[in-house]
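Asker: sequence first, predicted coordinates after that:
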Amino acid sequence: MANMTGNSRYGIAGARTPCDIQLAVDAFNARFAEMEKALWCLSRAAANDVLARRSSGVVEEFVWLIKRWWGIQGVPREIRTIAASALRALDWDPRWITSEMDLSPQGEQFAVDRVAGLVAGMLQRGARRREWSLASKVLHWLMPWRIPVYDSFVKRQLGISQDADPEKAYRAIVRAEFEMARQLLREDDRWLGDVEPRSPFRALDKYIWWSGGGNTGHAVVARDPWETLRRLGLKCYDGDRLSESGFNVSAIASL
């Protein structure tokens, strides 16, 4: 099903060296760094509540911000509550939301199973369709070292049919991106960029989006990326430095 382009060492159109990917990642970060930082901070707060199985507006706002910023079409507003409930119902291990990676075949199966589980959980709670794109993106931001993104950009750049069954398509995406990550990390990790989360799958998603037409598109840069975090009363620390939102992104690793 995945017909990888032949002019690339890594299975992504145009990517011949880690430098090709780094250039696109750096360009993406130059435009969207503040949005990435704000969403990363919000994802850490949401992860705290998901691990504690705590009902809060944080998880709902996190889901909806992903929908808004990533332009996922056809998603009704009630999906916020549905997705939050489904997330809390999943089994969780605090290690899964740290920078610990598993690039083995078992790690690939974990990614497919987690996204499929969230899709099924949302359907059970009243979702109107199988939300593979939203589920993958929500879990990607909660576990960026473990979960690749599913959407039309990724399928197109990896040569996967837009009409393919979503679960089969996602399995092909996972297989391809895990292999890319293994190959690229054997060379160096500078292609990950300098904006957290510095994960292989976050960097690959930036590259795929940028090289797939995002660089010439008209994606909106949020005027105030920190507005949601301020409204929720969250603060974000980046290491020892207080960022605009004020939440301690490293605290999650101690849970």
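Answerer: Yes, it's here.
Asker: for the stretch 101-250 of the chain, just list every one of the helices.
Answerer: Taking DSSP state H, counting those that start in this stretch as the test, the helices found in the stretch 101-250 of the chain are 105-124, 132-142, 152-157, 166-187, 200-209, 227-232.
Asker: how far does the last one sit from the chain's center?
Answerer: From the chain centre to the centre of helix 227-232 is a distance of 21 Å (Cα atoms, centre = their mean, to the nearest Å).
Asker: go on, the third one?
Answerer: Centroid separation for helix 152-157 versus its chain: 15 Å, with Cα atoms, centre = their mean.
Asker: got the helices of the stretch 101-250 of the chain as a markdown table, with mean neighbour count and mean pLDDT columns?
Answerer: For every residue, glycine as well, the C-beta is placed using N, CA and C. Putting these into a markdown table (neighbours: other Cβ atoms under 10 Å; pLDDT from 0 to 100) gives the following:
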| stretch | mean neighbour count | mean pLDDT |
| --- | --- | --- |
| helix 105-124 | 18 | 98 |
| helix 132-142 | 25 | 98 |
| helix 152-157 | 20 | 90 |
| helix 166-187 | 19 | 96 |
| helix 200-209 | 25 | 95 |
| helix 227-232 | 16 | 94 |
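Asker: nearest to A46, out of the ones you listed?
Answerer: With respect to A46, and counting by Cβ to Cβ, the nearest of these is helix 132-142 at 6.8 Å.
Asker: name the helices or strands packed onto that closest one?
Answerer: Using 3 or more Cβ pairs under 8 Å, 6 or more residues apart in numbering; DSSP states H and E as the contact criterion, the elements in contact with helix 132-142 are helix 18-51, helix 57-70, helix 79-89, helix 105-124, helix 166-187, helix 200-209.
Asker: right, and L158 touches A176 too?
Answerer: Yes: taking contacts as Cβ atoms under 8 Å, L158 lies within contact range of A176: 5.3 Å.
Asker: which intervals of this structure have sub-threshold pLDDT?
Answerer: For the chain, residues meeting the criterion pLDDT under 70 lie at 1-16, 217-218, 237-255.
Asker: the same query, at a cut-off of 80, please.
Answerer: Counting by pLDDT under 80, the chain contains low-confidence residues at 1-16, 213-220, 236-255.
Asker: picking up where we left off before, need the helices and strands packed on helix 132-142 in CSV (columns: distance to W96).
Answerer: Compiled in CSV, those are given as follows (distance: least, Cβ to Cβ, whole Å):
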stretch, distance to W96
helix 18-51, 9
helix 57-70, 16
helix 79-89, 12
helix 105-124, 8
helix 166-187, 15
helix 200-209, 13
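Asker: nearest to W141, out of those?
Answerer: Put simply, out of these the one that sits nearest W141 is helix 18-51, at 4.3 Å, with distance taken as Cβ to Cβ.
Asker: ok, the most centrally placed residue in the chain to E227 distance?
Answerer: Nearest to the mean C-alpha position of the chain, counting by Cα atoms, centre = their mean, stands H140 at 3.1 Å. From H140 across to E227, the span is 22 Å (Cβ to Cβ, to the nearest Å).
Asker: just give the nearest non-adjacent residue to R171, would you?
Answerer: V112 (5.3 Å; Cβ to Cβ, 6 or more residues apart in numbering).
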